[in-house]
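> Whatever this is, show me its structure:
(chains A and B)
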There are 2 protein chains.
Amino acid sequence: MKINIPESKHPRIVIIGAGFGGIKLAKALRKTDCQVVLIDKNNFHTFQPLLYQVATSALEAESICYPVRKIFEGQKNFYFRRKTVKKIHAEEKYIDLGKDVTLEYDYLVIATGARTNFFGNEGLIVNAMSMKNIIEAIDLRSLVLQNFEKALTLTNERKRQGLMNFVIAGAGPTGVELAGALGEMKQKVLPKDYPELDISKMNIYLVQSRDRVLPALSEKSSARALKYLENLGVEVVLNTRVLDYHGDYVQTNTDQDMIAKTLIWTAGVEGAPISGLGVDAISRGNRILVDEYNRIKGHENIFAIGDVAAMETEDTPRGHPMVAPVAVQQGEQLAKNFNRLLKKQELRPFKYKDKGAMATVGKNKAVVQIGKRNIGGFVAWFIWMLVHLLALVGFRNRLVVLMNWTRNYFNSDRGMRLIITPFELSKAKKKRREQYGVGLEHHVTEELEK
Amino acid sequence: MKINIPESKHPRIVIIGAGFGGIKLAKALRKTDCQVVLIDKNNFHTFQPLLYQVATSALEAESICYPVRKIFEGQKNFYFRRKTVKKIHAEEKYIDLGKDVTLEYDYLVIATGARTNFFGNEGLIVNAMSMKNIIEAIDLRSLVLQNFEKALTLTNERKRQGLMNFVIAGAGPTGVELAGALGEMKQKVLPKDYPELDISKMNIYLVQSRDRVLPALSEKSSARALKYLENLGVEVVLNTRVLDYHGDYVQTNTDQDMIAKTLIWTAGVEGAPISGLGVDAISRGNRILVDEYNRIKGHENIFAIGDVAAMETEDTPRGHPMVAPVAVQQGEQLAKNFNRLLKKQELRPFKYKDKGAMATVGKNKAVVQIGKRNIGGFVAWFIWMLVHLLALVGFRNRLVVLMNWTRNYFNSDRGMRLIITPFELSKAKKKRREQYGVGLEHHVTEELEK
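Sure, this is the predicted structure:
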């Protein structure tokens, strides 16, 4: 059964994914003679760079999520459907939306982004926390608070310690920002909330396989970030790799193993493609191989943009970095190319304009790199804040976020420390197994035996 | 196993429930020579009067929930435990917190509030929506939005209509406020979000068994509220009782039945007591019988305050109204009485100071009743807003709420229209069956047969 979308005399461009790339592309097509259909499983766009602030009770989910329909209010050629795409049928030019519902396209754009890469390790897949979407961020917020609520009720020191230890694997921007935010909670919020617990015993380990944090930034920025982290009480464990985890004990490749009920895995991302493309189309890291026009290898009218796309050229042999600016720029460029394509003009290749990198560790503590300039401290923090604030979609969100940040700045508070939807381990494990297709049969048996 | 709480030389007062009454009591005991232990299944207080704004995408949950630990920051004699109370063992003076964990008390205060009363109707219990806690409000928000997202994808007119019809049973303040807020969404938000749907076909039925809305207020206020509701496109169905509901068809006791995928039941509340009290202690509406000192019949050292308590005196033969001011005043009074009790002085009886009643229907549309004065329109709306804003616990919450309201006021927007945690019917049904102990065996069989 075809999904109910009005007929149009113009070609239909179907975009899968309402992330930075998909939204940008759909907006940029507003004056193009085409019908734009955007599909996402959520009815909102998520501002992923601030997920760690939701996970650490600094912002509410609603501040970084924005209704898709509101973004496109008044755009005549735009249609949104809240659906999950099951499969692409490239030969017949339609996508399968599940339950026998289908959607035909003239052009298809895959903008499905990335998901956490556990490198196939079943222990990690099932037991580690992740922070790539809003539900995972809310789960993490709940779990951190639940751990302390539970620690309070126990007398066994060892069990208490496990609940008060947090291991973050991977010291890229996400790991660093999360570790810093937890460090701030340890310093400012938790001692007030839990006077019965000795919060100085809380440990935040940031485990990094390489010899410095933020390896994508300069050595100067790395050194600065390291200092900031240590000042916030984060124990940075360099040159160490997490090998396995089964819920309470983090195994590494060195002598330093760690007892912890919480392991947050930020040490890898992979593309989140959709089945139905040729085998040739998938490259390393599960990303989709595209040419310099973001066209998928072997598919004349299917494109991919953003994290899920790997444009492997001489300059970028491993594709572009999986960051928001690439997605936004590819969305813009592809819109222009669609205009050319529909006028039968020649397409223009994508060129990435790298505007720099940044990460924030805590209040007045950030590192920013623009070209060869390294900025730190308050100035960097202020730039980071401004850039993120301006990038947030809606005026309301900006204002709420600014207000929360102002408040957090002056009284170091985290007003969102609410366990509204408690994290449930068994449900989370089951879901993760399904998502990553791991040990499902084994799991079902376990369930039945209960 | 006893839960881990420090020994104290002072008597221990255990309060169950962090609602208006429990919070007020625990705060008022801060200078009393006692140990205060507050138990709640959530780590936050919920400002229930604004739940309908969460349900209609006007406020985020975090604006009306406030961390318990933050409220009691610095109160030396205060301990909070996030636990569910399973049973009271009155003889042995301890409560059962599940999983063999127990908590002893010297004095116990039950402040567990109320839950929805479905009057034992299985169809309603399993299929109707309810709005008594934050999870239910979030579920309702999701469901309203999911209905429209789904309606879009269908071509069958009858099915579409079912998704676009909303029946609210019960025209007390909750029903009236919810109906009005849905009416505002119908007028201002949904036509912009769903230009493909004919939103004028959306129906909001407010079904009321008696001959006027807001029967607890004056006839003048009722008439005003009715006019406001009709102006917002709400169809008020008076003198009609909902008899049964099985998911798509609302059966009433008149000729007017309604097709609707959503029935919101606001037509009854009942006390939410805890098992373990004597049979004599429970009165009509599942409330706990207390004397004029809020002491429970037959239990010298157990008290009940707020919605769950029925102080049946000559003046109040059916107990006090189940509203926040009663809970707050009883909390205050009981704290004073504990001080007297510990000093072996005579207790003083509770006297309710009725400060009036109010309900808001929409922008500039509210009714307020203070003594014999009836106020309507903008002035009433402004009073309503001010009273609720001042009653909100935290400064941040007040500011965020005020900002959201200001924004909603000027552009009639509902920024929180996000389906973050989708409403899942089968899970909701199962949970409701468990909560109300209905047809569990039958249900389990169904599940296994799937």
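> Give me every residue in the stretch 1-150 of chain A lying close to chain B.
A:3-4, A:6, A:42-44, A:60-63, A:65, A:67, A:69-70, A:73-74, A:79, A:81-83, A:101, A:134-135, A:138, A:145, A:149 (Cβ under 8 Å from any Cβ of the partner chain). For every residue, glycine as well, the C-beta is placed using N, CA and C.
> Please spell out the ChimeraX selection for the buried subset of those.
Only the buried entries of these go into this ChimeraX selection, using 16 or more other Cβ atoms under 10 Å in any protein chain shown:
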select /A:3,4,42,43,44,60,61,62,63,65,67,69,70,79,81,82,83,101,134,135,138,145,149
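> In helices, which of the residues of the stretch 1-150 of chain A next to chain B appear?
A:61, A:62, A:63, A:69, A:70, A:134, A:135, A:138, A:145, A:149 (DSSP state H).
> Return stretch A:148-165 as CSV; C-alpha atoms alone will do.
Extracted C-alpha coordinates of stretch A:148-165, given in CSV (Å, rounded to 0.1, in the frame of the first residue of the first chain):
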residue,chain,number,x,y,z
PHE,A,148,23.5,7.7,43.6
GLU,A,149,20.0,7.0,44.9
LYS,A,150,20.9,3.4,45.1
ALA,A,151,24.3,3.9,46.6
LEU,A,152,22.6,5.7,49.5
THR,A,153,20.6,2.7,50.4
LEU,A,154,23.5,0.2,50.5
THR,A,155,26.0,-0.5,53.3
ASN,A,156,28.3,-2.7,51.3
GLU,A,157,31.3,-0.5,50.5
ARG,A,158,32.3,-2.4,47.3
LYS,A,159,28.9,-2.2,45.8
ARG,A,160,28.6,1.5,46.7
GLN,A,161,31.9,2.1,45.0
GLY,A,162,30.8,0.4,41.8
LEU,A,163,27.8,2.7,41.6
MET,A,164,29.9,5.8,42.2
ASN,A,165,32.5,4.9,39.5
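> Not including adjacent chain positions, what is the nearest residue to residue A:360?
The shortest distance from residue A:360 to any non-neighbouring residue, by Cβ to Cβ, 6 or more residues apart in numbering or on different chains, is to residue A:366 (4.0 Å).
> Show the backbone phi and psi for that neighbour.
Phi and psi for residue A:366, reported as degrees, to the nearest 10, are phi -150, psi 160.
> Can you give me the neighbour number for residue A:122?
Neighbours of residue A:122 under the rule other Cβ atoms under 10 Å in any protein chain shown: 16.
> nearest spatial neighbour of it, skipping sequence neighbours?
Distances taken as Cβ to Cβ, 6+ apart place residue A:438 nearest to residue A:122, at 5.2 Å, with adjacent residues excluded.
> Check the gap between the one you found and residue A:98 for me.
22 Å (Cβ to Cβ, to the nearest Å).
> any idea how far stretch A:377-395 is from the chain center?
18 Å (Cα atoms, centre = their mean, to the nearest Å).
> Just the C-alphas of that stretch, formatted as CSV.
Only the C-alpha atoms of stretch A:377-395 are listed here, as CSV (Å, rounded to 0.1, in the frame of the first residue of the first chain):
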residue,chain,number,x,y,z
GLY,A,377,40.0,29.3,28.8
PHE,A,378,37.1,31.8,29.1
VAL,A,379,37.4,33.1,25.5
ALA,A,380,37.2,29.7,24.0
TRP,A,381,34.3,28.8,26.3
PHE,A,382,32.5,31.9,25.3
ILE,A,383,33.1,31.2,21.5
TRP,A,384,31.9,27.6,22.1
MET,A,385,28.8,28.9,23.8
LEU,A,386,28.0,31.5,21.1
VAL,A,387,28.5,29.1,18.2
HIS,A,388,26.2,26.5,19.8
LEU,A,389,23.6,29.0,20.8
LEU,A,390,23.5,30.4,17.3
ALA,A,391,23.3,27.0,15.7
LEU,A,392,20.3,26.0,17.8
VAL,A,393,17.2,26.0,15.6
GLY,A,394,14.5,27.9,17.4
PHE,A,395,14.4,31.2,19.2
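> mean confidence for it?
Here stretch A:377-395 scores 84 as its mean pLDDT.
> thinking again about what came up before, need the max-distance pair from the ones in helices among the residues of the stretch 1-150 of chain A next to chain B.
A:69 and A:149 (37.3 Å; Cβ to Cβ).
> which residue sits closest to the residue in the stretch 151-300 of chain A that chain B sits nearest to, ignoring its sequence neighbours?
Per Cβ to the nearest Cβ, residue A:193 is where the stretch 151-300 of chain A lies closest to chain B, at 4.3 Å. Nearest non-adjacent residue to residue A:193, counting by Cβ to Cβ, 6+ apart: residue B:69, 4.3 Å away.
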